[in-house]
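Peer 1: Here's my sequence, what's the structure:
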Amino acid sequence: MYPLLKVDAARAAWIEVTSKTLHELGDRHRTALVEASQALEFPRAIYQELGSLGYLGPLVPTELGGSGWGVPEYVVISEEVGRHGLVSGQIAVQGQKWLLDWGTDEQKAQWLGPIASGEKVFSESISEPTMGSSFKNMKATATRDGDDWILNGHKTHVNLGADSEVTIFYGVTPDGITSFLVDTSFAGVSTKVTDAIGLRLIRTADVIFDNVRVSDASRIGPVGGGLETFLSTFNISRLGNASELIGLGRRALEIAINYGNTRIVGTTHVTEFQGIQWMMADAWTSLQSASLARDQAALAHERGEDIALATTLAKRLAITAAELAMDIAFSMTGGEGLYHESPLLEISNDLRVLKVAGGSQEIMRNYIARSILKSTDHEGLA
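Peer 2: As a prediction, this is how the structure comes out:
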């Protein structure tokens, strides 16, 4: 959709090429992607092909091995990935953002190019079994031992945790939560793949850190600055989540419309019924609204503005839009959409995971409400 991003003619042309390229990539690898999702396997070759096309490194400058684009291009890629059922590069982009914001020159040289190309896979070991959405409940620890650190902890819901060459680990120190880049081949790192219902192409895993020794050169950001490093990438990842949700909604609605245009009930095509047309109009309107909010947030970031509220709004609207499109798609396809062979089941499951990733709808609502109440003009209401 990209109602605001397409205003710029050069960017509109780039969007057209990107959409066509990722559409063709999804079609060409459809069988392999479906099989990988069903078998719970990471399609590394397809992931690396995305990297070779520049779609895994949108935020990385060209001199460091990336594409040299920006957040608007990142959200386009994310939406097209959702739209065409491709393997997501969101985790890679989050790793790049951490490195660009906090990494040393040595860390950037070692990791940015390989992550952007897909040669090296990045993961983020943050969540824990009893942590929820609060860092206050974090149990993992990082303990100094001379010039080194000893890391211990059980991390869960780690996308690509069992497939990554490097992960970012968050642990508690006496000075506060601190983050480290950890080579997953180090002694003491072990993984166990977990069976999530959605986003199975970037399968989840538990990652265990058992007395893992890393040098202080592995630390990313200041000691005790873990919350600050986390938040620096959070808004960008939230835009990626919103964009994939919009892409999933578009895909579901398009499948339903194509089916309804050929399905005849009595003597009338499904899409000719006024009730069906109203549902289609509602779903399209919701997707367009979410796209407007997402585009506005991406452009605000490009202008250097604070985007916390804008990204929260975009994610909230994207959840609503994707769920509405999904519900209407099931209504329009009826019994035909209820089988495992239908792509609607996979889309629905991916939607459920993305609805939670980066903050649930309830967290979005809490943040919006607090922003309104803290604002002197109640965010424009006064």
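
Peer 1: what does stretch 93-106 rub up against?
Peer 2: Under the contact criterion Cβ atoms under 8 Å, 6 or more residues apart in numbering, stretch 93-106 has outside partners 56-60, 66, 74, 107-108, 111-112, 115-116, 122, 124, 166, 168, 179, 181, 217, 220-221, 229, 232-233, 236-237, 240. (Glycine included, C-beta is placed from N, CA and C.)

Peer 1: Please report phi then psi for the residue nearest to G118 when sequence neighbours are not counted.
Peer 2: In space, and not counting its chain neighbours, G118 is closest to G51: 2.7 Å by Cβ to Cβ, 6 or more residues apart in numbering. Main-chain dihedrals, G51, degrees, to the nearest 10: phi -60, psi -40.

Peer 1: ok, G51 - how many residues close by?
Peer 2: 22 (other Cβ atoms under 10 Å).

Peer 1: and it, how far is that from G153?
Peer 2: 29 Å (Cβ to Cβ, to the nearest Å).

Peer 1: Over to I347?
Peer 2: Taken as Cβ to Cβ, the span from I347 to G153 is 34 Å.

Peer 1: Tell me which of these two has more neighbours.
Peer 2: I347 (24 against 20).

Peer 1: what's the average pLDDT for stretch 194-210?
Peer 2: The average pLDDT for stretch 194-210 rounds to 97.

Peer 1: Okay, buried residues for that stretch please.
Peer 2: Within stretch 194-210, the residues scored as buried using 16 or more other Cβ atoms under 10 Å are 196, 198-209.

Peer 1: again, but for stretch 223-234
Peer 2: Of all the residues in stretch 223-234, those buried under the rule 16+ other Cβ under 10 Å are 223, 225-226, 229-230, 232-234.

Peer 1: CA atoms of it as CSV?
Peer 2: The C-alpha trace of stretch 223-234 is given here as CSV (Å, rounded to 0.1, in the frame of the first residue of the first chain):
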residue,chain,number,x,y,z
VAL,A,223,27.8,-1.7,32.0
GLY,A,224,24.4,-1.3,33.4
GLY,A,225,23.0,0.3,30.2
GLY,A,226,21.1,-2.7,29.0
LEU,A,227,17.7,-1.1,29.1
GLU,A,228,18.9,1.8,27.1
THR,A,229,20.5,-0.4,24.5
PHE,A,230,17.3,-2.5,24.3
LEU,A,231,15.0,0.5,23.8
SER,A,232,17.2,2.0,21.0
THR,A,233,16.1,-0.8,18.7
PHE,A,234,12.7,-1.5,20.1
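
Peer 1: Check the model's average confidence along that stretch for me.
Peer 2: 91.

Peer 1: Can you name the residues that contact S232?
Peer 2: 97-98, 101-102.

Peer 1: was I right about G26 contacting L86?
Peer 2: Yes: taking contacts as Cβ atoms under 8 Å, G26 lies within contact range of L86: 5.3 Å.

Peer 1: filter the contacts of stretch 93-106 to the buried ones?
Peer 2: 56-60, 66, 74, 107-108, 111-112, 115-116, 122, 124, 166, 168, 179, 181, 220-221, 229, 232-233, 236-237, 240.

Peer 1: Could you tell me which of the contacts of stretch 93-106 belong to helices?
Peer 2: 74, 107-108, 111-112, 115-116, 229, 232-233, 236-237, 240 (DSSP state H).

Peer 1: taking those as a set, which two sit the farthest apart in space?
Peer 2: Based on Cβ to Cβ, the longest span within the ones in helices among the contacts of stretch 93-106 runs between Q107 and G240 and measures 22.1 Å.

Peer 1: Ramachandran coordinates for the closest residue to R203 other than its chain neighbours?
Peer 2: The shortest distance from R203 to any non-neighbouring residue, by Cβ to Cβ, 6+ apart, is to L40 (5.4 Å). The phi/psi pair for L40 (degrees, to the nearest 10) reads phi 60, psi 60.
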